[in-house]
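Trainee: next input, structure requested:
(one chain, ligands or ions: 1)
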Amino acid sequence: MNDVTLRLKGLTKTYLQGTPGEVRVLRGADLELRAGEAVALVAPSGAGKSTLLHIAGLLDTPDGGSVQIAGQDMTGKSDRARTAVRRQDVGFVYQFHHLLPEFSALENVTLPQLANGVAEREAEARAMELLERVGVAARAAHRPAELSGGEQQRVAFCRALANRPSVLLADEPTGNLDPGTADQVFDALMDLVSSSGLSALIATHNLDLAARMDRVVRLEGGVLRPAA
Ligand SMILES: Nc1ncnc2c1ncn2[C@@H]1O[C@H](COP(=O)(O)OP(=O)(O)OP(=O)(O)O)[C@@H](O)[C@H]1O
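Mentor: Here you go, the predicted structure:
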């Protein structure tokens, strides 16, 4: 109970640029996410939100500090080991759905499971269960282009959760939707998070949505602090 699923400790990251020189984006960022917790990440534009999410999700490496996911310290691990943990334990959602256009909603949620060795029948059953949960089961056979923006994002949530990750990382998951739709789609996401027991770090500029999560952290000056 209350296990830490994601622990970021003293993360530092500097980008070396031609002019005006180096950009120190992270300067000792710390965060602990516990199982079942949804945490909002707010940050001024350019503060390093994407950098932090990429490092937390093992898509990028920090210069210093450590990332621990589901009890495993990823410091110094090979690319192969990092990919294995990312595939199993991390789910990503972006502002734009990035669903595979030539596959149906059901296939988009099934495929990541097949890639992880789940049998087809089981993977499809899991996919249907998730699509039902977010209210798009009736659209399971449709391709992304045949779905509304809100439906596309719901499918993207299901895909992110298909392999039962311990951590969900989301970057403006409803940023592309009109306010009314964003609200409903956000409810669907919160329902998925609370029913699956994973922890979620969700970057948003929308302070109303941020206030609906368990807590809010602010990234500014390269560090994370509880938001006032
Ligand atoms: N690969 C890179 N090389 C050099 N500088 C980079 C690189 N990636 C990001 N930066 C710089 O680092 C800073 C943080 O970038 P990042 O994309 O993490 O910010 P962000 O908070 O996600 O921004 P936004 O909210 O506007 O998308 C910015 O000043 C950006 O220009």
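
Trainee: how about the helices in the chain?
Mentor: In the chain, the helices defined using DSSP state H lie at 49-56, 79-89, 105-115, 120-133, 149-161, 179-196, 207-211.

Trainee: okay, buried residues for the longest one please.
Mentor: Neighbour counts over helix 179-196 (16 or more other CB atoms under 10 Å) mark 181-183, 185-186, 188-190, 192-193, 196 as buried. C-beta: built from backbone N, CA, C; applies to glycine.

Trainee: same check on the last one?
Mentor: With burial defined by 16+ other CB under 10 Å, the residues of helix 207-211 counted as buried are 209-210.

Trainee: what sits up against it?
Mentor: The contact list for helix 207-211 (CB atoms under 8 Å, 6 or more residues apart in numbering) reads 40, 42, 174, 182-183, 186, 202, 204, 216, 227.

Trainee: distance to L16 and pLDDT added to these, as JSON lines?
Mentor: Output for those, formatted as JSON lines (distance: CB to CB, whole Å; pLDDT from 0 to 100):
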{"residue": "A40", "distance to L16": "31", "pLDDT": "97"}
{"residue": "V42", "distance to L16": "27", "pLDDT": "96"}
{"residue": "T174", "distance to L16": "34", "pLDDT": "90"}
{"residue": "A182", "distance to L16": "37", "pLDDT": "90"}
{"residue": "D183", "distance to L16": "41", "pLDDT": "90"}
{"residue": "F186", "distance to L16": "37", "pLDDT": "92"}
{"residue": "I202", "distance to L16": "30", "pLDDT": "96"}
{"residue": "T204", "distance to L16": "30", "pLDDT": "93"}
{"residue": "V216", "distance to L16": "32", "pLDDT": "97"}
{"residue": "A227", "distance to L16": "30", "pLDDT": "90"}
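
Trainee: circling back to that earlier point, from the buried residues of helix 179-196, which is closest to G71?
Mentor: S196 (17.9 Å; CB to CB).

Trainee: OK, contacts around the nearest residue to H54 once chain neighbours are set aside?
Mentor: Once flanking residues are discounted, H54 sits nearest to D60: 4.0 Å by CB to CB, 6 or more residues apart in numbering. Counting by CB under 8 Å, 6+ apart, D60 makes contact with 13, 51, 54.

Trainee: returning to what we had before: can you list the buried residues of helix 179-196 in JSON lines and add distance to L100?
Mentor: Formatted as JSON lines, the buried residues of helix 179-196 follow (distance: CB to CB, whole Å):
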{"residue": "T181", "distance to L100": "22"}
{"residue": "A182", "distance to L100": "24"}
{"residue": "D183", "distance to L100": "27"}
{"residue": "V185", "distance to L100": "20"}
{"residue": "F186", "distance to L100": "24"}
{"residue": "A188", "distance to L100": "21"}
{"residue": "L189", "distance to L100": "21"}
{"residue": "M190", "distance to L100": "26"}
{"residue": "L192", "distance to L100": "20"}
{"residue": "V193", "distance to L100": "24"}
{"residue": "S196", "distance to L100": "23"}
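
Trainee: and which of these is nearest to H97?
Mentor: V185 (10.9 Å).

Trainee: surely the closest one touches V155?
Mentor: No: using CB atoms under 8 Å, V185 is not in contact with V155; the gap is 10.8 Å.

Trainee: still on that earlier bit, which among the buried residues of helix 179-196 gets closest to the ligand?
Mentor: Checking the buried residues of helix 179-196 against the ligand with CB to the nearest ligand atom, the nearest one is A182 at 17.1 Å.

Trainee: for the nearest residue to that closest one once chain neighbours are set aside, what are phi and psi?
Mentor: In space, A182 comes closest to T174 once its chain neighbours are excluded; the distance is 3.8 Å by CB to CB, 6+ apart. Backbone torsions of T174, given as degrees, to the nearest 10, read phi -120, psi 20.
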